[in-house]
Structure formats: C-alpha cells, structure tokens
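after the sequence you'll find the predicted model.
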Amino acid sequence: MERPCPLLTFFSFFFFFFLPCLSCPEYQKQALLQFKSSILAISPSFNSSDDSDRLQTWNSSSNCCGWGEVECRGIPRVVIALYLTNLFTGLSPQPQVDSTILAPLFHIRSLKNLDISDNNIQGEIPGVRFANLSNLVLLDMSGNNFKGSIPPQLFGLPYLRELHLGGNSLTGKLLHDDEETEKYVLSSPSDLKVLSLFGNKFSDGMLLSVLCLKGLKFLDLSHNDISMEIPTEIGNYLPNISTLALSNNRLTGGIPSSMRRLSKLERLFLHNNLLTGEIPTWLFDFTGLTDLYVGGNRLIWNNSVTVEIAPNPSLSRLHLKSCGLVGEIPKWISNQTRLRFLDLSKNNLRGELPEWFVEMRFEGLILSDNEFTGSLSPRLFSKSSPVVLALSRNNFSGELPKNIEFATFLWVLSLKENNFSGPIPQSLVKCLALQLFDLSRNRFSGNFPVFNPDRGLAYIDFSFNDFSGEVPTTFPVGTRFLALGGNKLSGGLPFNLTNLSNLERLELQDNNLTGELPNFLSRISTLQVLNLRNNSFQGSIPQSIFNLHSLRILDVSDNNLTGEIPKEHNLVGMIETPNLPSSIIQINYLAYTKWFRQEEQVRLDYRDLVVNWKKSKQGISTDKLNIYTLLDLSNNQLSGQIPTSLGALKALKLLNISSNKLSGKIPTSFGDLENIETLDLSHNNLSGSIPPTLTKLQQLTILDVSNNELVGPIPEGGQMGTMVLDPNYFANNSGLCGIQIRVPCPKEQLTPPAKIEEDDHKEPWLLWESVWIGYPIGLLLAIGIMLGIRYFTLPSPSNRRHPPGRPIR
C-alpha cells in the first residue's frame with residue numbers, strides 16, 4: 001500500500017483548514033457590503049468622487065481583510081478597526097446621512113477602533129446598538145451632526161479608552177436624574193482616558209458631571225455654552241488630568257487654587273472666556289507644563305510682580321493675549337528657553353523689540369495690537385524660521401529685512417497697519433510655505449514681487465499702500481483672496497487675471513483704473529466678491545458679469561458707467577441664501593503644531609470688507625461674508641428702466657442703484673426681495689407710485705426714494721408701519737403724500753393700506769368684476785330714485801288747499 005505524500009498532506013491541510021482562518025468571517029463581509037450599499041443609496045455620485053477608491057476594493061469576490069479602511073487581526077482573522085472618516089470628501093453639497101446607516105456595523109462585535117468622523121451623520125446616537133460593540137477601545141464620532149444627549153450605554157463599554165464626540169450638536173450632561181444613566185456612568189470603566197466634547201452645545205451641567213470620571217487624562221470641553229465658574233474643587237476630582245481644555249466658553253470667576261494639585265498637568269487651555277482676577281504665578285510651577293493659554297479673558301497680569309518667574313524646562317507655548325501687560329516685554333520671558341509660540345497681542349506693550357527677544361527661536365509670534373516701534377531686526381530671521389509672524393497694528397517702521405528669505409517655513413506674515421515703507425523684498429518669493437501675506441495699510445511702494453505661479457499662496461492683501469502702475473498679474477494661480485485697493489494703480493484690467501482660476505475675492509477699489517469692464521471677468525467662475533468701487537471705469541455693465549453664479553457681493557459704485565442695467569442674470573449667489581462659508585474662511589484657523597489628538601490653532605483676523613451699508617461706510621468681517629449679499633451700482637450714469645428681474649435676487653440684503661439716470665416705475669417685483677434690509681433708489685428720474693408690495697419686506701429698515709418724480713400715497717401697513725421712517729428718504733418728490741412726510745393725501749388718492757395687489761395680471765378680472773357688480777346696483781339705485789321723486793312730488797296748485805291768511809312757502 002502506497003503511503004500518502006507528507007507534502008501533499010501539508011498543502012491540503014493549509015488550503016482547507018488554515019487559509020480560511022486568514023479570511024474575515026462571511027457575516028462581517030456582508031455587513032460591510034451592506035454599509036457600502038447604504039452609502040451608494042444616499043449619494044449615487046459617490047462612486048465618481050475623487051476619493052471613491054477608498055471603498056472600491058470592497059467587493060464580494062475578495063477577502064475583506066484586504067480592503068481599504070479595514071484592519072483585521074487574530075487567527076481566525078476578524079475585523080478590529082474601521083477607518084471611515086470623511087467618506088464624502090469631494091461631494092458638493094455634502095449629503096445628509098441618517099444615523100440608521102450605521103446599523104450594519106453593529107454586527108461586527110470584534111471592533112476595537114471605529115472612526116466615523118466628519119460624515120455629516122444626523123440624528124441621535126443609537127446608544128442601545130453601540131452597546132453590542134463591547135470590545136471598543138476607541139470611538140470617534142466627531143465632526144458630524146449628532147443631536148440629543150450622550151447615551152449612557154457608551155459609558156458601559158468595558159474597554160473604552162477614548163471617546164471623541166467633538167463638533168456635533170449634543171446637549172445635556174452625563175448624570176441625568178434617572179437610575180439607569182447613573183448606573184452606567186458611575187460604574188464606567190476607570191480606564192476611560194480621553195473625552196473630547198469640543199464644539200457642541202453643552203452647558204454647566206456637563207462640566208460638573210464629567211468630574212466623576214477620575215481616570216481622565218484628556219478632557220476637552222472647549223467651544224461650548226458653559227457659563228459657570230470653574231468648580232473650586234476641580235483639582236481634587238481630576239488627579240490624573242494632563243490636558244484640560246475649557247477655552248471658548250463663558251466661564252466666569254477666577255482660576256481656583258485647587259488646580260495647583262493637578263501635578264500631572266501638561267496642557268491648560270482657558271483662553272477666550274470671561275475669567276477675572278489676577279493670573280496666578282503658580283501656574284508656572286508645573287514642571288511638566290508645555291502649553292499655557294490664559295489670554296482673551298479679563299484676567300490681569302500683575303505688572304508690579306518683581307520676582308522673576310522661574311525657568312520652566314518644558315514650557316513651549318504661552319498665550320497672554322489681552323492680559324493687561326504694560327511697558328516693555330517682561331524680562332522673565334527670556335528664562336523660558338524652550339518657548340516656541342508666544343501670543344502677547346492686545347496689551348499695552350511698547351518700545352523696540354529687545355535683542356534677547358529677537359534671538360529666541362520662535363515658531364509662532366503674535367504681537368498685534370500693541371505700541372511697538374522701531375524696525376524689524378534681521379536677527380528675527382537669522383537664527384530661526386518662524387511659521388506664524390503677526391505684528392499688525394503697531395508702530396513698526398522702516399524696510400523689511402532682506403534676509404527674510406531665510407524664513408523658509410513662514411506660513412503667515414501679517415504686518416498690516418504699521419508704518420513700513422520701501423519695496424517688498426523680491427526674496428520673499430523664496431518663502432515657499434507662505435499662505436497668508438498681509439501688508440495692508442503701510443507705505444510700501446515699488447514693484448510687486450514676481451511669485452511662482454505654482455505656489456500655495458492663498459491670501460494676498462497689499463491694499464492701501466503707495467503702489468502705482470498697472471494691475472500686476474504675477475500672483476500664484478491658486479490665489480483665492482487678492483486685495484489691491486487703495487493704491488495708485490492705473491490702466492485697465494489685465495486679461496491675465498483669468499489665470500487666477502481659484503479667485504474668490506477681488507478688491508481693486510479706490511484706484512485710478514480706467515477703460516471698460518471686460519467680459520473676460522466671467523471666466524473667473526469662482527468669484528464671490530468683486531469690488532471695483534471708486535475708479536474711472538466707463539461703458540456699460542457686461543451681461544457676462546451678471547452671469548457669475550457664485551457672485552454674492554458686487555460693488556461698481558462711483559464710476560462712470562453708462563447704458564442700462566442688464567435685464568437678465570444668473571446670479572445664483574444672490575438668489576439663494578448661502579449656507580456654506582467660502583474656502584477663504586476655512587483658513588481662518590491655521591494649525592502650526594499638535595497637542596495629543598488635536599490641533600492647536602491660531603486665529604488670524606482678516607481685513608473687513610468696507611461697503612456703503614445703510615447710508616454709511618461699514619466693515620463686514622470676513623467670517624460673516626457668507627451671510628451677506630449686496631449689489632451696489634450707485635453713483636454712475638446708468639439709464640433706462642429698472643429691470644424687473646432684480647426682484648428675483650431674494651438673498652440680497654442691500655440694493656443700491658441711487659444717483660443714476662434711471663427712469664420708469666419702481667418694479668412691483670421688489671416686493672419679493674424677502675431678505676432686503678436697505679433699498680436705495682434715490683437721485684434718479686423714477687416716476688409713478690411706490691408699489692404697495694414693498695410692505696411685505698419684513699427685513700427692510702431703510703427705504704430711500706428721495707429726489708425722484710414719484711407721486712401718490714406712500715404705502716402704509718406691514719413693514720412700512722414698523723421701520724424707522726426718515727422724512728428725508730422721501731424728500732423732493734413733489735407728488736408724494738402720506739403720514740410719513742406729514743403731507744395729507746387728497747381723498748381720491750387714499751387707498752386701503754392693507755389691500756395689496758399680488759399680481760398685475762389680476763387687474764382685468766377686477767375691472768370686469770366691478771362692472772358685473774356695479775351694473776345691477778346702479779340699476780336698483782336709479783329705480784329707487786325715480787320712485788322717491790314720484791312719491792315726494794307736490795300736488796298741483798289747483799288741488800292744494802291752504803288755511804286762510806297763511807302764505808305758501
């Protein structure tokens with residue numbers, strides 16, 4: 001009898017018994033395929049997105065342990081981690097995802113890590129279903145839109161170490177007034193180390209209830225609605241805490257002394273609250289402290305403290321914004337030899353920057369809103385390469401150091417509102433990492449730098465300096481914000497501006513620009529803000545500009561434009577109320593370092609957009625531009641009638657077409673401008689009456705129709721009866737009347753204030769309706785009058801008898 005081959009036996013055993021152990025269980029594969037099908041059902045375009053390859057490997061013919069975003073371990077192999085963050089990147093608009101999409105994942109009970117962050121998932125967190133995942137160690141659901149409270153079942157997961165729920169809309173607290181919740185939370189595993197709840201809607205109760213989690217090492221409750229004092233005994237409840245983030249709330253009171261007991265504290269973030277009192281010097285005694293952020297409160301640094309702050313061997317980042325520091329930069333800062341980030345903005349510091357200070361190797365330095373003087377020392381760039389340098393609103397002067405090119409890692413350079421002069425060093429173009437470059441409101445002159453077109457520079461503000469010549473076009477193609485207003489630029493708009501294919505905000509106001517508005521501006525389809533105010537442009541407004549679908553703010557006032565206002569448009573950005581910020585806003589916060597599992601970020605203020613708002617020049621902050629839309633064509637030579645199509649721009653908050661030569665009637669369609677706050681039609685040749693439809697405009701606060709040829713009564717009722725009415729806004733219209741201007745209307749002009757004609761096409765029906773009603777009424781009246789005359793007619797003299805001696809009257 002022939003003996004079996006040992007090698008054949010081994011391979012048979014390998015293929016039939018061992019290989020199946022390397023594949024994930026079939027039920028887990030089917031659960032994942034069902035999850036993918038649910039995603040495709042929500043957004044059919046998901047497969048065509050730029051990131052679709054992340055789930056393209058998910059198919060029924062392969063082992064799910066080899067799929068992307070899936071991690072398996074053990075023998076037999078099981079799924080232990082799913083990395084499903086930001087699945088809908090590249091889709092616009094991002095779809096709303098119901099929390100029921102998670103249902104298939106609750107069958108994979110072997111999961112230890114589950115990351116479903118940044119997917120816009122809606123609804124409440126399904127706590128009962130999450131209880132099935134009893135092996136979870138890390139759960140990340142941040143950056144979604146979960147609502148309601150945190151389900152207590154999450155605190156019943158025995159191995160949970162990290163829970164990330166930041167960036168949602170959660171409310172409530174951990175300890176509710178019911179036995180079930182208390183059972184879960186109070187018996188929660190002491191091994192829960194990380195609890196991240198930033199950017200929700202938690203209030204005071206949450207801060208109090210998390211104190212029962214004594215095993216926490218990391219707690220982030222920043223950007224919530226907490227408005228209480230910091231618990232006085234917080235130092236006794238969180239003995240293991242190393243990172244405590246309570247910033248951007250409304251905390252009041254002082255910093256409790258019990259925090260001195262937090263011996264393991266490494267990172268403390270208390271900035272941007274309403275804290276009061278003195279900043280305790282014992283905060284610098286924590287030997288392991290690396291990050292100390294206490295600025296942006298009402299805390300005060302005791303400038304009379306004469307003792308030197310002891311050197312802290314670990315302190316790396318210090319935030320003392322708006323802390324009442326006066327005089328020169330405190331000398332004790334020189335002892336903090338490892339300091340890499342320093343924010344001393346909004347204090348009363350003055351004088352030149354000390355030599356010892358500029359030789360410190362800062363990666364981030366923010367000294368804005370002080371009274372510093374002198375020029376920038378070249379040593380600021382010779383020994384270090386700062387990433388963030390913000391010196392705005394001081395009294396610095398002189399030229400920029402030529403060795404600024406050595407700042408190869410410079411990301412943000414903000415020097416606005418100083419007295420710098422001279423040319424911009426051409427060497428700055430070697431700062432390849434530069435993304436934000438703000439030199440506005442100085443006295444720079446000379447030639448513009450020639451930037452590499454492939455650079456990542458996104459924000460350029462050279463406005464209100466002394467630059468002259470033609471509009472430069474030597475900017476990177478990725479530029480999104482370009483502000484050159486308030487200079488001495490001349491000539492026309494160059495065609496090369498169309499190379500800036502990502503441009504969102506173009507400001508060239510207050511220059512000496514001439515020529516006609518070019519059609520090629522329509523090629524910059526990303527434009528959201530176009531400000532050409534106060535130049536010398538001539539000719540008509542191109543129809544193409546009114547087809548920029550992303551445009552939300554258009555200001556071409558104070559020019560010499562002629563012709564008619566374009567009758568047709570595709571200004572979608574002025575029709576639909578925007579609900580997403582521009583990408584310019586998304587770089588408001590610039591990360592420069594990491595702490596634990598989060599990014600510590602620097603908020604930099606961009607220059608406001610100055611517009612003629614409500615009869616005066618006002619600034620709109622950049623982070624609010626996404627909710628403002630306006631159209632300003634005032635102070636030109638425009639003629640013809642006002643297009644009725646302007647009434648379709650329902651998102652407009654301001655419409656100013658004053659000081660032109662417009663004629664005809666005010667369109668009744670203006671009653672559809674449901675968001676309008678200011679409507680200025682003054683100083684034209686408009687005739688007819690003020691449409692009663694304007695009483696429907698519930699947001700209207702200013703209506704100026706002065707200096708026209710309007711007649712008839714000023715409408716009453718609706719918004720006309722609630723907004724503040726200045727008689728000057730109706731002046732110099734000889735035919736207007738009404739209580740608003742104290743001119744009584746003739747009785748034949750009085751109209752019922754509540755009656756508004758909704759549609760002009762109803763007028764013929766109303767006329768015929770009057771005929772049919774009036775005819776029988778008139779006939780009856782005529783018959784009645786004839787009968788009355790017959791009844792009261794006196795008898796003839798021959799038939800009448802009078803008493804003797806009584807005359808007939």
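Yep, it's here.

hmm, Lys201 and Gly167 touching each other?
No - taking contacts as C-beta atoms under 8 Å, Gly167 lies outside contact range of Lys201: 11.4 Å. Heads up, the C-betas are built off the backbone N, CA and C, glycines and all.

who's more crowded, these two?
The neighbour comparison of Gly167 against Lys201 (other C-beta atoms under 10 Å) goes to Gly167, with 20 against 14.

show the contacting residues for the more buried one.
Contacts for Gly167 were tallied using C-beta atoms under 8 Å, 6 or more residues apart in numbering; they are 118, 142-144, 198-200.

phi first, then psi, for it.
Dihedral angles of Gly167 (phi, psi; degrees, to the nearest 10) stand at phi 70, psi 40.

and it, how close does it get to Val137?
Remark: distance between Gly167 and Val137 (C-beta to C-beta, to the nearest Å) = 21 Å.

what does stretch 115-128 rub up against?
Identification of contacts with stretch 115-128 by C-beta under 8 Å, 6+ apart yields 81-88, 94-102, 106, 138, 140-148, 150-154, 164, 167.

quick check: end-to-end length of it?
18 Å (C-alpha to C-alpha, to the nearest Å).

also stretch 230-243?
Start to finish, the residues bounding stretch 230-243 are 15 Å apart (C-alpha to C-alpha).

circling back: want to throw the contacts of Gly167 into a markdown table with secondary structure, pLDDT and distance to Gln699?
Putting those into a markdown table (DSSP: H, G, I helix; E, B strand; the rest coil; pLDDT from 0 to 100; distance: C-beta to C-beta, whole Å) gives the following:
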| residue | secondary structure | pLDDT | distance to Gln699 |
| --- | --- | --- | --- |
| Asp118 | coil | 93 | 34 |
| Ser142 | coil | 96 | 36 |
| Gly143 | coil | 94 | 33 |
| Asn144 | coil | 95 | 32 |
| Phe198 | coil | 95 | 34 |
| Gly199 | coil | 95 | 30 |
| Asn200 | coil | 96 | 30 |
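
determine which two of those are furthest apart.
The span of the contacts of Gly167, defined through C-beta to C-beta, is set by Asp118 and Asn200 at 15.1 Å.

more neighbours, the two?
Just comparing Asp118 and Asn200: by other C-beta under 10 Å the higher neighbour count belongs to Asn200, 24 against 19.

partner residues bridging the nearest residue to that one once chain neighbours are set aside?
Using C-beta to C-beta, 6 or more residues apart in numbering and skipping residues adjacent in sequence, the residue nearest Asn200 is Leu170, 4.3 Å away. Beta-bridge pairing for Leu170 (DSSP bridges): Gly148.

tell me, how many residues neighbour Leu170?
The burial count for Leu170: 24, using other C-beta under 10 Å.

before we move on, what about Leu662?
Leu662 has 22 neighbouring residues, counting by other C-beta under 10 Å.

picking that back up, mark which of the contacts of stretch 115-128 are buried, thanks.
81-88, 94, 97, 99, 101-102, 106, 138, 140-147, 150-154, 164, 167 (16 or more other C-beta atoms under 10 Å).

isn't the residue nearest to Asn200 right next to Pro151, touching?
No - using C-beta under 8 Å, Leu170 is not in contact with Pro151; the gap is 10.3 Å.

about what we covered before: now tabulate the contacts of Gly167 in JSON lines and tack on distance to Ile545.
Listed next are the contacts of Gly167 as JSON lines, based on distance: C-beta to C-beta, whole Å:
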{"residue": "Asp118", "distance to Ile545": "36"}
{"residue": "Ser142", "distance to Ile545": "41"}
{"residue": "Gly143", "distance to Ile545": "37"}
{"residue": "Asn144", "distance to Ile545": "39"}
{"residue": "Phe198", "distance to Ile545": "42"}
{"residue": "Gly199", "distance to Ile545": "38"}
{"residue": "Asn200", "distance to Ile545": "42"}
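
and which of these is nearest Gly324?
Gly324 lies nearest to Phe198 out of the contacts of Gly167, by C-beta to C-beta, at 27.7 Å.

which one is the closest one nearest to, not counting chain neighbours?
Using C-beta to C-beta, 6+ apart, the closest residue to Phe198 is Gly166 (4.0 Å).

at which residues are the helices of the stretch 301-450 of the chain located?
Under the criterion DSSP state H, counting those that start in this stretch, helices of the stretch 301-450 of the chain are mapped to 355-358, 379-382.

neighbouring contacts of the last one?
Contact partners of helix 379-382, identified using C-beta under 8 Å, 6+ apart, comprise 353, 355, 358-359, 386, 389, 401, 403-404, 406-407.

likewise the first one?
Applying C-beta under 8 Å, 6+ apart, the set of residues contacting helix 355-358 from outside is 329, 333-334, 377, 379-380.

lowest average confidence, helix or strand, in this structure?
Ranked by mean pLDDT, DSSP states H and E, the helix or strand of the chain with the weakest confidence is strand 589-595, at a mean of 36.

picking up where we left off before, who's in contact with the residue nearest to Phe198?
Listed by C-beta under 8 Å, 6+ apart, the contact partners of Gly166 are 142-143, 196-200, 220.

now with 7 Å, please.
Gly166 sits next to 142, 196-199, 220 when contact means C-beta atoms under 7 Å, 6 or more residues apart in numbering.

closest to Asn240 out of the residues you listed?
Nearest to Asn240 among these, with distances taken as C-beta to C-beta, is Asp220, at 15.2 Å.

tell me who's in contact with that closest one.
Counting by C-beta under 7 Å, 6+ apart, Asp220 has contacts 166, 196-198, 245, 598.

tabulate those (TSV), appending distance to Val70 and secondary structure.
What follows is the contacts of Asp220, written out as TSV (distance: C-beta to C-beta, whole Å; DSSP: H, G, I helix; E, B strand; the rest coil):
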residue	distance to Val70	secondary structure
Gly166	25	coil
Ser196	24	strand
Leu197	28	coil
Phe198	28	coil
Ala245	32	strand
Gln598	26	strand
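
hmm, which two among those residues are most spread apart?
Pairwise distances across the contacts of Asp220 peak at 11.8 Å for Leu197 and Gln598 (criterion: C-beta to C-beta).

between the two, who's got more neighbours?
More crowded of Leu197 and Gln598, by other C-beta under 10 Å: Leu197, with 26 against 20.

how much space between that one and Met141?
Taken as C-beta to C-beta, the span from Leu197 to Met141 is 11 Å.

shared neighbours of those two, anything?
With C-beta under 7 Å, 6+ apart as the test, Leu197 and Met141 both reach Leu165.

hey, where'd the helices end up in the protein?
6-13, 26-42, 53-56, 127-130, 179-186, 204-209, 234-237, 355-358, 379-382, 572-575, 763-792 (DSSP state H).

restrict the second one to CA atoms and write it as PDB.
The C-alpha atoms that make up helix 26-42 are tabulated as PDB, following Å, rounded to 0.1, in the frame of the first residue of the first chain:
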ATOM      1  CA  GLU A  26     -18.600  36.000   5.900                       C
ATOM      2  CA  TYR A  27     -21.100  37.800   8.100                       C
ATOM      3  CA  GLN A  28     -18.700  40.600   8.700                       C
ATOM      4  CA  LYS A  29     -18.000  40.900   4.900                       C
ATOM      5  CA  GLN A  30     -21.700  41.100   4.200                       C
ATOM      6  CA  ALA A  31     -22.200  43.700   6.900                       C
ATOM      7  CA  LEU A  32     -19.600  45.900   5.300                       C
ATOM      8  CA  LEU A  33     -21.000  45.400   1.800                       C
ATOM      9  CA  GLN A  34     -24.400  46.400   3.200                       C
ATOM     10  CA  PHE A  35     -22.900  49.500   4.700                       C
ATOM     11  CA  LYS A  36     -21.400  50.400   1.300                       C
ATOM     12  CA  SER A  37     -24.700  49.900  -0.400                       C
ATOM     13  CA  SER A  38     -26.300  52.200   2.000                       C
ATOM     14  CA  ILE A  39     -23.800  54.900   1.200                       C
ATOM     15  CA  LEU A  40     -24.400  54.500  -2.600                       C
ATOM     16  CA  ALA A  41     -28.100  54.700  -2.000                       C
ATOM     17  CA  ILE A  42     -27.700  58.100  -0.200                       C
END
